[in-house]
Structure formats: C-alpha cells, structure tokens
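Colleague: Coordinates for the following, if possible.
(chains A and B)
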Amino acid sequence: MNNEGNKTESSLPPGEEVTITDKEKGLLMPNEFDGIRELDNPPPRWLMYVLYLTVFFSALYWVHYHTFKQGLTQEEEYQAEMVASAAASGADTTVVVLTQLTDQASLDAGKKIFNDKLCYSCHGMLGEGNAVGPNLTDDYWIHGSSIEKVVEVLINGVPAKGMAPFKDQLTKEQILQVASYVLSLHGTNPPNAKAPQGEKAG
Amino acid sequence: MQPEIFSYDNRIVKYFTYATIIWGIIGMVVGLLIAAQLAFPMFNFDVSFTTYGRLRPIHTNAVIFAFVGNAIFTGVYYSMQRLLKTRMYSDVLSYIHFWGWQLIIVLAAVTLALGFTISKEYAELEWPVDLLIAVIWIVFGWNMFGTIARRRVQHLYVAIWFYIASWVAVTILHVFNSIELPVSLFKSYPVYAGVQDALVQWWYGHNAVAFFLTTPFLGLMYYFLPKAANRPIYSYKLSIIHFWTLIFIYIWSGPHHLLYQALPDWAQTIGVIFSVMLIAPSWGGMINGLLTLRGVWDKVRETPMLKFMAVAVTAYGMVTFEGPMLAIKTINGLVHFTDWIVAHVHIGGLGWNGFLTFAMLYYLIPVLWRTKLYSNKLANIHFWLGTLGILFYAIPLYWAAITQGLMWKEFTPEGFLRYPNFLETVVQIIPMYVTRIVGGALYITGAFIMVYNLVKTIKKGSFVASEEVSALPLEKISKHRILGETIHGWVERKPVQFTFWVAVALLFGSIISIVPMFVVKTNIPTISSVKPYSPLELQGRDIYIREGCYTCHSQMVRPFRSETERYGEYSKSGEFVFDHPFQWGSRRMGPDLARAGVVGGKMYKTAAWHFTHFYNPQEMNAGSRMPSYPWLIANKLKIASTPVKIKAMITLGVPYPDGFAERSIDSLMTQAKLIADDLKQSGIEVEPDREIIAMIAYMHRLGRDISELKPVDAGAAIAVKAPDVLTDEASISIGAQVFKANCAACHGASGEGNAIGPNLTDNYWIHGGSPDSVYLTIHNGVPSKGMQAWKDLLTKLQLQQVYSFSLKIKGTNVSGGKAPQGKEGKF
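Modeller: Numbers count the residues shown, from 1 in each chain, chains lettered A, B, ... in the order given. The predicted structure is shown next:
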C-alpha cells in the first residue's frame, strides 16, 4: 500500500506515545490517522468459524423449510398444536348434578370465582349491577332465575349483551359454584343497587 | 511540500456536546416518568399530554434522535476533522445542521405531546417534521462528503467508513418509510397498508437501531478507544470483514420483529437467518475494541473513561448476541410482546450508547477545554451508579418477561387457560416494574453527577474555538490501483466508489426482502369479507393512533393455542389491507385487541363497558395500568375532516364507492347516533358527536370482518401425527360400533358410501388417504361438506378406535360401493 509522502504530524500530546510492543512493530500498517495506528493481525479464528457456522446453519434452515419444505409452516404448526391439545385433554366428562349449592365452602369458592373472573366489573362488587350489567340481588331476572337458567347463561354467555361465555374458563363444578353464589346474593339489598330489569321471578 | 496551516472548528463540537448532555438528561427523565406510570398509573396525571401513550414516543425519540443523535454529531464533527486533517467543509452548513436538528427535536416533543403521530415506532413524526429531517440530514451529508473531498489524508479510516454507511442507510430508510399522504398540516396516512406497512416499518425500525444506534457508534469507538488507550487497532483485516458483513447482513433482518405474525413464512425465515448470521459481524466490532485494549488493562482500571468504554463494548457484545437469540422463532414466541424486548433495548441504550457517550464526553471535554477532568472520583462513582442502574433496570425486566410470557401460555389440566384474565399477568409483574424504577433512578443520578463534574471541568479550563494545526497537502496519486495496492486499500482512497459499494450492499438486501411483498399477490391472500372502515370507525382509529394505544395494545393474534383461546381466531395478512398505518403493536401491556369487535368472542365488550372503562379503567378492572381518558367524552369529534380523510383513503386505493366522501358525514352521524342510543339504554347520556363514540365504533369493528368467515377447511392437508393404529380385535369391533352409530348414515353400513358421503373402502380419497390425513378429517371434519368435527362428539379413545376401524376397511372395495371420488391414493 502506498502511503509515502502522506505522513502527518502525530497529534498526540507531547510525552504520550502509542503503546506498541516489539512483537507488534512488524505488524504495523503503514497508515496513520490522527495518531491512530492499525495492526495487521488476522481476525480471531474462532470468530471466523462462528461466521461460517451461522452462514451454514442459515443455508440449511432455508433449504429445510423452503426448498424441500420439510419443516412445518406457521399454520401447520398451529394446526398440529390444536390437534395435540385436543387429543391430550378429553372432553369434560364429569357429571355434575344441577342443584343449587348452599354449603359455605361452595359459596366461598363461588365468591372467589366471582372476583377472579372480574364479574364485579359489570355486576358490581356486591352484585348490585352498574351501567354495564344488571343487578343480581333483586327479584328481577332477564334470563331466568332458576339454577338451570343461571348456569346456562354462565356456560354460553349472552354475547350480544357483552356477557362472556365461561365454558372455556371454568369447569362444570366451578360454574355451579359461582351460579349458586350469585343466587345466594338474592335479597341482600346492597347500596347503589341498579333499577330492576327483566321479569319478576315467580 | 510545505505543510499547510489550517484550523479545526471546535465550537461546533462544543455546541453538539451541550445538546447531547441537555437532551440526554431530558430523555432519561421522561423515561423514568413513564416507568413510574407503568407501576403507578396516577403518574399519568389524567392529562392528555402526559399519558403514557404520548410520552413513550417522546422518550424514545428523545433518547434516540436527541441524545444519541447529538452524541453522534459531536463525535463525527470532532473526529472527522482530525481523521481527514481538514476543517469541516462549511461552517454555515455545520450551524444549519446544528440548529436545524435542535429545531426538529423541539418540534418533535411538542407535536408528539399534542398527539400528532403516524404511530410507526421511532418514525412517529408527522410529515412536515419528516421533511425537515430530510433537509437537515442532507445538509449533514453535504457537509460530511464536502469535508471528505477536501481531506489531506489519502485513505479513509475505518471510523469514516462507518459514518458513510450510517449516512447512506439512514437516508434510504427515512425516505422510504416516510412516504405518506397528508390530509392536513399535522395528519397523514402512510401509502403502505397492513403487512406491507409493517414490513417497511420494521425494515426501518430495525435498521434505525443498526445505522443510527450501532454503526455511527462503532465509528466513534474506532476513534475514541484507540485514542484514549494509546493502542493500535488490533486488526485492520477484522475491521474490513466486520464492516462489510455487518452492513450487508443487517439490512435484511427487519422481519424478525414480525415472527409468528401475519407475514409469509419465507419473509420470517429471512428475518431469522440474517439475524443469526449477524452474530459474528457484530462481535467483530466488540472483539476489535477489546483486543485493542490488550496490554493496557491496568490503564482501564485507572481511567474512568476507558472503564465506560470497556463496559459499553461488552454491552454491545451482549446485546448483539441476545438479538439473534430473540430472532429464533421458539424463543421469540415466548418473549415477544413482553418486557424482554424492553430490557434488551436498554442494555443497548444504557450500556452501549449511554456508556460510550459518557466515555466520549469524559475524553472530549478535558481535551477541548485544555485541562484535566475535575474529579476522577466522581467519574468513578458515576461509573458504578450507571452499571448498577443497568443491572437493576434489566434483571427485573427479564424476570417480568419470563413470568408474564409463561403466564400467557399456561393451561390447566382441564384445558383452560390458567390465567384467562390478562390483568392477572400484569399485576404479577408490578414489583419488577418498581425495581426497574430504582435502576433507572440510579442511572440518572449517575448522569447528574457527570453533568456536575463536566461543568466543573469546563469552568476551570479554557476553550479554543478554532484550533490551529498544520498538515501536508494531499498528494495526487493515480486514480487506478497502484502496484501492490490491495483492492480495499484502493477503494479506501476513493470515497465516491466506496459510497457506491456501501449503497449497493444496503440496497441489495432491502430490495430482495421487501419488493416481493408488493409485487407477488400470493403473499397477501385477499379475504372477501374484509371491508373498508366506516367513516366513524376511521375517525376512531385516528384517535386510537393519536393516543398511542399501540404502545400497550397489539392487534396481532399469533397462531398459538394460548392466543386463540384468549383472544380468538389468529390474525391473517388479508385482514389488514385497508390499514394505513398498521397497528400491530410491539408490546402487550394490555391485552390484544384484534378481536375486540367479535360479538360472542372472548374480547367483546359492550358500548357501556367501553364508555365506563375509558372514563375510569380501574372501575372495570381493579389494578389495571391503563390511564383514564376523560377527554374523549369532553372532546367533540372533528367531523368536518371526514370527507378529506375518505378522499385520501380512496387515493391510497381503498375501495369506497363513488361519491362516498360527500356522504361520509351522514354515514358517520347515523352510526354515531346508534351507539349513543345504545349507551342511553344503559343509562349513559352522551352526545353522538363525542370522540368516545368514534373510539367505541372502532373497538367494535376490530376483527368483525373475519368473524364472518367459515372455519378453515380441514382438507388442506396438514402434517399431523395421528395416534397409533389399534389392531386388536376388541378395539376394531368397538370402532365398528362407533362407526355404525355415527358414520354409517353418510358412509354406509360397511363404509361403501351413499348419496351423502364418499366410499371409504376404495383407494380414492378426497382429503387424502394417508393415515394422518384420515385421522385429521375425522378429527376436524370438513364442515363445508357436512362432515362433522368428531373431536367435539367422541372421546379421544373413541376417535382412535373409529380411526383404526376406518383404516381397516380401507382398500376392501366392498361390493356395491359408490363410484370413486377424489385422487387415487398411492401406497
């Protein structure tokens, strides 16, 4: 490399010199940039191997997925995941007798579900109702007051009105617990209760 | 030859230095504030200008373009004059550049606070500011290349290579990502839509990291590290290799921001493999830096500046290893949309950019003011506070990310999501958010100590605005390669040629990875049920963009069971063809909203719910981190802008009917009244012309188009593993009974087929005759042809039994069978 005649004054402050070992003197490149020198060391071999290896990996990856189409596409991966999960978790075959639970443990469990699933955000902390959902404590019911009807609403929801279906979130037993808890709220007359909606239960 | 006397412009360096420090402090303080907002929503102050959605872009723009940007210019203006042995090409251009850039920053802060944004991350600024950026950037380039042309040094040093690559790349990125159609002074729509917009945006976003946060700083490292350590650069060859591989490979990797999203598989693969290939080129910079320090590590211990430099380079190495790992799809599937990405960028931002900038300032200010640093001790304290700050920042966020990512994916043995309520996964990580604030506060405290130290240093020094130096003039040598000159050595002394090859390297990957998405139709399959937004929904969408909702909510359901269970059907590329700009988001502080409008879907909420929630999110979800948006109820919607917006959309190719723009206000009011009436039924009185009505309309539109689609036909053969085939007599006979009870009605008592269903005993198959295909057809059904999805009606064992029975009768060719249908199976 020709750099003769292009030597500039070193801009290092007087008394400061670039630290170069004797071994490195033979490796110095001819150019100098504002006092900065460069050595002619080869790049570390391991680093070059990392480069080659990643390039090789990438070529394989492309060929595997897009030339020979051996790997699953994103959609196939999803379908496989769904099939595997359906095979792993069979249908909920437990049989639950549809009667209102009245024991304290079940009601406590129902209350916990009521809070965990944010039922209060539409029905109020005490079931008193708010702008979104109806009062659950009065005598009036939009979709029926029997345990069967309440369970049905919990299972399938009332999508058009924003009531979510819970069949994908709760077991049959849990649904019965929370339905029983809701029915236990009847007549509690909480403050700020929403005006009645629906029909008076017979 | 006689040496020439000339001077360096130190004053411009001083200006940029001050700007770096001031904007750095401001950007970091805003960062601390938004970190506090995530832990304690009250810090949103219930004012529109200070909500998270508006401050987050201010923080990112301030630290990237104001702090790091000014730091780049400080280092470039200082080092380039010295490396090229000349004054900057034009003082006038230098100062236009300086003041222009500061004006951009101020405009950015003001417009973003006002909600003027196109919502593309790190490119949020509206079109007038975009234009100003382009002008000022060209001024900078003109000044830089002018300086290179007037150099007194034959060869360009590696730092200059990086400056050139940065300038060229940022020019290309900014221009192509910012093509937008203005509808008013501070509102525009990107010309790209949906998938294309996402691809261009993340090509930009990723390479803004590459060519604004990385390559200029590598240039600075190549100047300041050897200067401060008084050591020669370890390997010139490594400089060459890692420079070219870095700029060539970096530009391709953008799609790794969109893994498992609605992007064709081939484009995702490009994102993955080019990210993996980036490890060695990135590490080349770190290795060359660290090996340059070989032999002077004792000096590193004693010199705070070198300590900052060593940690910066190490952080760079960490972050450039972490990046490719995050681009592996399996890892990405877990941590994308979590705080891992936030931690990752802060290792880069706080460690690499921050510490390298501090190192540069500790070096430059004593040199420029011809004195010694006021206090090494304070600088050491800064170093330790900064290092601890980074650790306290990043470690809790990594922890939060893994915690939340796993919570999103966890199922109960019954097959339900363990945490179906998104909020649970947020509340869980609040302690980590609090710890992160501590980390940020430590880091900023260190920065304040630095400011004090630097001010004290400046006070005791004396600044020379114009530094006189001398150098020999540039010797004219042959344009052609000289005997014994390497090709690279030759190109190094030919800046035009050098710049040309840089541009080639950058454009190559850009074109190949982006252009097919625009010209090959099959990349974005159209969905006929996807229709343009109604005028009210479009206005609502613009409010969603204005409030920065995308900073916390994605609109991109990935094809994972855990996401389709939580949100609904996964997102398809054809859904977004009218989305100017796309709103996929990059972080889920709140749940995905892509299916918020699917009635009966898991994310659907009524108008009354939305109304109450926007007014006070905590009333609907105690513990929610979302700010309140009371002004949406108070603000009147700017209805008059509707026709202009519709016209702009038509110009961009959105198929509204003829004359729709003129009718758009009527359409908007009709829809708004319906929503207002709906709210009234829930006892909420609100005028139909309020912004919140448009927002509710938009929420109810999300995902609604695709919800009308039929489920995917299972006949599209999928590689699925079927269960083992049962061969014992008992199982086959039960299988036969299950068949008789369920299948015989359509396939005949012996599987011979009838008027409804095909023959199962011949060797012709409509949906594939391989065992896996047969199982899949039984399992998922073919709803469009009346074949049940038996997974819903049979137990796993029954499925296996009837499947085994079906394989048993296959090929028996029962007499009286139905004529063959479908393709002949080959066995």
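Colleague: Secondary structure element holding the one residue in the stretch 1-150 of chain B that gets nearest to chain A?
Modeller: Residue nearest to chain A within the stretch 1-150 of chain B: B:Arg82 (4.2 Å; CB to the nearest CB). For the C-beta atoms, the positions are set from N, CA and C on the backbone; glycine is no exception. Assignment of secondary structure by DSSP states H and E places B:Arg82 within helix B:69-84.
Colleague: quick revisit: count the neighbours of the residue of the stretch 1-150 of chain B closest to chain A for me.
Modeller: Residues lying near B:Arg82 (other CB atoms under 10 Å in any protein chain shown) number 21.
Colleague: Setting aside sequence neighbours, what's the nearest residue to it?
Modeller: Closest residue to B:Arg82 apart from its sequence neighbours, by CB to CB, 6 or more residues apart in numbering or on different chains: A:Asp34 at 4.2 Å.
Colleague: okay, the one you found: pLDDT?
Modeller: The model reports A:Asp34 with a pLDDT of 95.
Colleague: Please apply the same query to the one 4 residues further on.
Modeller: On pLDDT, A:Glu38 comes in at 96.
Colleague: thinking again about what came up before, could you dump the helix holding B:Arg82 to PDB, C-alpha only?
Modeller: Output in PDB follows, covering the C-alpha atoms of helix B:69-84 (Å, rounded to 0.1, in the frame of the first residue of the first chain):
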ATOM      1  CA  GLY B  69     -28.100  11.800  17.600                       C
ATOM      2  CA  ASN B  70     -26.300  14.800  19.100                       C
ATOM      3  CA  ALA B  71     -23.700  12.400  20.500                       C
ATOM      4  CA  ILE B  72     -23.100  11.100  17.100                       C
ATOM      5  CA  PHE B  73     -22.700  14.600  15.600                       C
ATOM      6  CA  THR B  74     -20.400  15.600  18.500                       C
ATOM      7  CA  GLY B  75     -18.100  12.600  17.800                       C
ATOM      8  CA  VAL B  76     -18.300  12.900  14.000                       C
ATOM      9  CA  TYR B  77     -17.600  16.600  13.900                       C
ATOM     10  CA  TYR B  78     -14.700  16.200  16.300                       C
ATOM     11  CA  SER B  79     -13.100  13.000  14.800                       C
ATOM     12  CA  MET B  80     -13.700  13.600  11.100                       C
ATOM     13  CA  GLN B  81     -11.800  16.900  11.000                       C
ATOM     14  CA  ARG B  82      -8.900  15.200  12.700                       C
ATOM     15  CA  LEU B  83      -9.000  11.900  10.800                       C
ATOM     16  CA  LEU B  84      -9.100  13.800   7.500                       C
END
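Colleague: model confidence over that helix, on average?
Modeller: On average, helix B:69-84 scores 98.
Colleague: What are the buried residues along that helix?
Modeller: Buried residues in helix B:69-84, counted by 16 or more other CB atoms under 10 Å in any protein chain shown: B:69-84.
Colleague: Could you do stretch B:549-559 as well?
Modeller: B:549-559.
Colleague: Over to stretch B:436-448?
Modeller: Neighbour-count burial for stretch B:436-448 flags B:436-437, B:439-444, B:446-447 (criterion: 16+ other CB under 10 Å).
Colleague: now swap in stretch B:34-42 and tell me
Modeller: B:34-39, B:41.
Colleague: Mind telling me the two of those farthest from one another?
Modeller: Pairwise distances across these peak at 12.4 Å for B:Ala35 and B:Pro41 (criterion: CB to CB).
Colleague: if we can go back for a sec, of the buried residues of stretch B:34-42, which belong to helices?
Modeller: Judged by DSSP state H, the buried residues of stretch B:34-42 include B:34-39 as members of helices.
Colleague: With pLDDT as extra columns, can I get these in a markdown table?
Modeller: Converted to a markdown table, these look like this (pLDDT from 0 to 100):
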| residue | pLDDT |
| --- | --- |
| B:Ile34 | 97 |
| B:Ala35 | 97 |
| B:Ala36 | 97 |
| B:Gln37 | 96 |
| B:Leu38 | 96 |
| B:Ala39 | 95 |
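Colleague: the longest helix in chain B is where?
Modeller: helix B:376-409.
Colleague: oh, I was asking about chain A
Modeller: Max-length helix for chain A by DSSP H is helix A:45-62.
Colleague: Show me what secondary structure element comes after it.
Modeller: helix A:74-88.
Colleague: Provide the contact partners of whichever helix or strand comes after that next one at residue level.
Modeller: Later in the chain than helix A:74-88, the nearest helix or strand by DSSP H and E is helix A:104-116. Contacts with helix A:104-116, where a contact means CB atoms under 8 Å, 6 or more residues apart in numbering or on different chains, come from A:101, A:119-120, A:170, A:174, A:176-182, A:184, B:421.
Colleague: Tell me the one among those residues nearest to A:Thr21.
Modeller: Using CB to CB, the contacts of helix A:104-116 come closest to A:Thr21 at B:Asn421, 64.4 Å.
Colleague: tally of neighbours for that closest one?
Modeller: The burial count for B:Asn421: 16, using other CB under 10 Å.
Colleague: Would you agree it is in contact with A:Ser121?
Modeller: No - counting by CB atoms under 8 Å, B:Asn421 does not reach A:Ser121; the two are 10.2 Å apart.
Colleague: State the distance from B:Leu373 to B:Tyr604.
Modeller: The spacing between B:Leu373 and B:Tyr604, counted by CB to CB, to the nearest Å, is 62 Å.
Colleague: Specify which residue of those two has the higher count of neighbours.
Modeller: B:Tyr604 (26 against 21).
Colleague: Tell me who's in contact with that one.
Modeller: Here B:Tyr604 is in contact with A:159, A:162, A:164, B:595-598 (criterion: CB under 8 Å, 6+ apart).
Colleague: in the longest helix of chain B, what's buried?
Modeller: Those would be B:378-379, B:381-383, B:385-387, B:389-390, B:392-394, B:396-405, B:407-409, for helix B:376-409 by 16+ other CB under 10 Å.
Colleague: any idea which of the buried residues of helix B:69-84 is closest to B:Ile524?
Modeller: B:Gly69 (35.0 Å).
Colleague: shouldn't the closest one be in contact with B:Trp101?
Modeller: Yes - if you go by CB under 8 Å, B:Gly69 and B:Trp101 touch, sitting 6.7 Å apart.
Colleague: Counting neighbours, what do you get for the spatially closest residue to B:Asn421 that is not a sequence neighbour?
Modeller: The shortest distance from B:Asn421 to any non-neighbouring residue, by CB to CB, 6+ apart, is to A:Leu118 (6.0 Å). A:Leu118: 17 surrounding residues under other CB under 10 Å.
Colleague: Pull up the residues of the stretch 51-200 of chain B that are close to chain A.
Modeller: B:79, B:82-83, B:85, B:152-155, B:157-159 (CB under 8 Å from any CB of the partner chain).
Colleague: Name the nearest of those residues relative to A:Glu77.
Modeller: B:Val158 (43.3 Å).
Colleague: Could you pull up the residues touching the closest one?
Modeller: A:38, B:219, B:222, B:233, B:236, B:239, B:243.
Colleague: three-state assignment of B:Thr642?
Modeller: Following DSSP: H, G, I helix; E, B strand; the rest coil, B:Thr642 is assigned to helix.
Colleague: Do I have it right that it meets B:Gln671?
Modeller: No - B:Thr642 is not in contact with B:Gln671 according to CB under 8 Å; the separation is 11.5 Å.
Colleague: Looking at the two, which is more packed in?
Modeller: Between B:Thr642 and B:Gln671, counted using other CB under 10 Å, the more crowded position is B:Thr642 (22 against 19).
Colleague: can you list the domain ranges for chain B.
Modeller: B:4-515, B:535-707, B:729-824 (automatic domain parsing).
Colleague: got the end-to-end distance for the last one?
Modeller: The first and last residues of domain B:729-824 sit 29 Å apart, counting by CA to CA, to the nearest Å.
Colleague: repeat for stretch B:764-771
Modeller: 13 Å.
Colleague: any idea of the mean pLDDT in it?
Modeller: 80.
Colleague: mind showing which ranges of chain B have poor pLDDT?
Modeller: Across chain B, the ranges flagged by pLDDT under 70 are B:708-721, B:783-784, B:792, B:825-827.
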